[in-house]
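Enquirer: build me a model from this:
(one chain, ligands or ions: 1)
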Amino acid sequence: LIASAMMLAPASVMAADLTIGFSQIGSESGWRAAETTVTKQEAEKRGIDLKFADAQQKQENQIKALRSFIAQGVDAILLAPVVATGWDEVLEEAKEAEIPVMLLDRTVDAPEDLYMTAVTSDLVHEGKVAGDWLQDEMAGADCSIVELQGTTGSSPAIDRKKGFEEGISDASNLKIIRSQTGDFTRSQGKVVMESFLKAEGGANICALYAHNDDMAVGAIQAIKEAGLKPGEDIKIVSIDSVPDIHLAMASGEANATIELTPNMAGPALDALEAYLADGTVPPKWIQTESKLYTLKDDNQAIYELKKDLGY
Ligand code: AHR
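Expert: I've put the predicted structure just below:
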């Protein structure tokens, strides 16, 4: 019933009249902090009253926040879901209340009619780009890879792993020898890399694939403390393109990153405004770009450009 109601053109609403709830995961990474900043800026620019809730990495806090937004009767909800499963019930409640939910940067395992659209990158493709890059870089030489996974159960951790494995699947010279979560944080990236180095010995590790730049930056510290040269002794490829990874790349301490825009809210709010203006139903997936940066790029200049953007 509500799905069909959603198809009807609603009365035109000015963005300035809107109250929107934003349930953010937390602040585990530089990328996440930038997404929060950009989302607040996008709302302010449009005169939207944004109700912000930081879930501190806990799904239960996100569910509570969503229920509170529903009780307050917000016009729409932005949700960056910490994990992929366990959303059906609360999304049903939002649907019952006729409140459109827009997913930001991560996907959920829930029926598509429970949310209006998802603004995300192609998370599998990002992993594949990383795997393809490493395959080219190694040019047939044997390489033992360690992998730092993102938050267990999150869509980027699942999809970036899958994509990378696809990327290296036809390269018998490349082998993942250890893979563990570093929870998308710098501190855990360092701790887990230390354990990889201890278990394998630095000389046996040829490359690190990290599901985000923050974990790579933590790992770089661990590699240096082990007396090795990150970027040379151990090649490093990761995802996000935050300023600090470009700084590391500028000094040759990391090798490649795949950009994820922190501006997921812009396309989501554009879609919501179009829907409210004339009933235009957005596609279920609004895909953002994934660009590969390597040492061929001017990483110092990219760092300078990005460092003041809220990361
Ligand atoms: O969902 C996007 C991922 O979440 C980013 O790559 C990572 O940095 C963040 O914490």
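
Enquirer: what about the helices in the stretch 151-300 of the chain?
Expert: Using DSSP state H, counting those that start in this stretch, the helices found in the stretch 151-300 of the chain span residues 155-168, 186-200, 213-225, 243-250, 265-278, 299-306.

Enquirer: any regions of the protein where pLDDT drops low?
Expert: The chain contains residues with pLDDT under 70 at 1-16.

Enquirer: residue contacts, the most centrally placed residue in it?
Expert: The residue lying closest to the centre of the chain (C-alpha atoms, centre = their mean) is residue 105, at 5.4 Å. Contacts for residue 105 (C-beta atoms under 8 Å, 6 or more residues apart in numbering) come out as 35, 80, 119, 120, 121, 156, 260, 264. From N, CA and C alone the C-beta is placed, and that goes for glycine too.

Enquirer: can you do 7 Å?
Expert: By C-beta atoms under 7 Å, 6 or more residues apart in numbering, the residues touching residue 105 are 35, 80, 120, 264.

Enquirer: which helix or strand contains the first one?
Expert: I take that to be residue 35. helix 30-45 (DSSP states H and E).

Enquirer: what's the angle from whichever helix or strand comes after that helix to helix 30-45?
Expert: Heading C-terminal from helix 30-45, the first helix or strand you meet, by DSSP H and E, is strand 49-54. If you take axes from the mean of the first three to the mean of the last three C-alpha atoms, to 10 degrees, strand 49-54 sits at 160 degrees to helix 30-45.

Enquirer: count of residues packed around residue 125?
Expert: If you count neighbours by other C-beta atoms under 10 Å, residue 125 ends up with 17.

Enquirer: give me the three-state assignment for it.
Expert: Under DSSP: H, G, I helix; E, B strand; the rest coil, residue 125 falls in the helix class.

Enquirer: close to the ligand: what parts of this protein are there?
Expert: 28-29, 31-32, 105-106, 156, 184, 212, 214, 239-240, 260 (C-beta under 6 Å from any ligand atom).

Enquirer: may I ask which two of the residues you listed are separated the most?
Expert: Largest separation among the residues of the chain next to the ligand by C-beta to C-beta: 106 and 214, giving 15.9 Å.

Enquirer: more neighbours: which of these two?
Expert: Just comparing residue 106 and residue 214: by other C-beta under 10 Å the higher neighbour count belongs to residue 214, 30 against 25.

Enquirer: and that one, how far from residue 235?
Expert: Noted for residue 214: a distance of 18 Å to residue 235, by C-beta to C-beta, to the nearest Å.

Enquirer: same check, this time on residue 52
Expert: 38 Å.

Enquirer: more neighbours, these two?
Expert: residue 235 (21 against 15).

Enquirer: contact partners for that one?
Expert: When contacts are counted by C-beta under 7 Å, 6+ apart, residue 235 touches 134, 137, 206, 207, 255.

Enquirer: run a quick neighbour tally on the second one.
Expert: Going back to what we said before, that points to residue 137. Counted with other C-beta under 10 Å, residues neighbouring residue 137 total 15.

Enquirer: assign a three-state SS to it, would you?
Expert: When classified by three-state DSSP, residue 137 comes out as helix.

Enquirer: could you give the bridge partners of the nearest residue to it once chain neighbours are set aside?
Expert: Excluding its sequence neighbours, the residue lying closest to residue 137 (C-beta to C-beta, 6 or more residues apart in numbering) is residue 235, at 6.2 Å. On the basis of DSSP bridges, residue 235 is bridged to residue 207.

Enquirer: what about residue 235, distance to residue 55?
Expert: In terms of C-beta to C-beta, residue 235 sits 34 Å off from residue 55.

Enquirer: now swap in residue 123 and tell me
Expert: Distance, residue 123 to residue 55, using C-beta to C-beta: 20 Å.

Enquirer: try residue 32
Expert: 11 Å.

Enquirer: more neighbours: residue 123 and residue 55, which one.
Expert: Legend: neighbour count by other C-beta under 10 Å for residue 123 and residue 55, higher for residue 123 (26 against 21).

Enquirer: which ones are touching that one?
Expert: Residue 123 neighbours (C-beta under 7 Å, 6+ apart): 155, 156, 159, 160.
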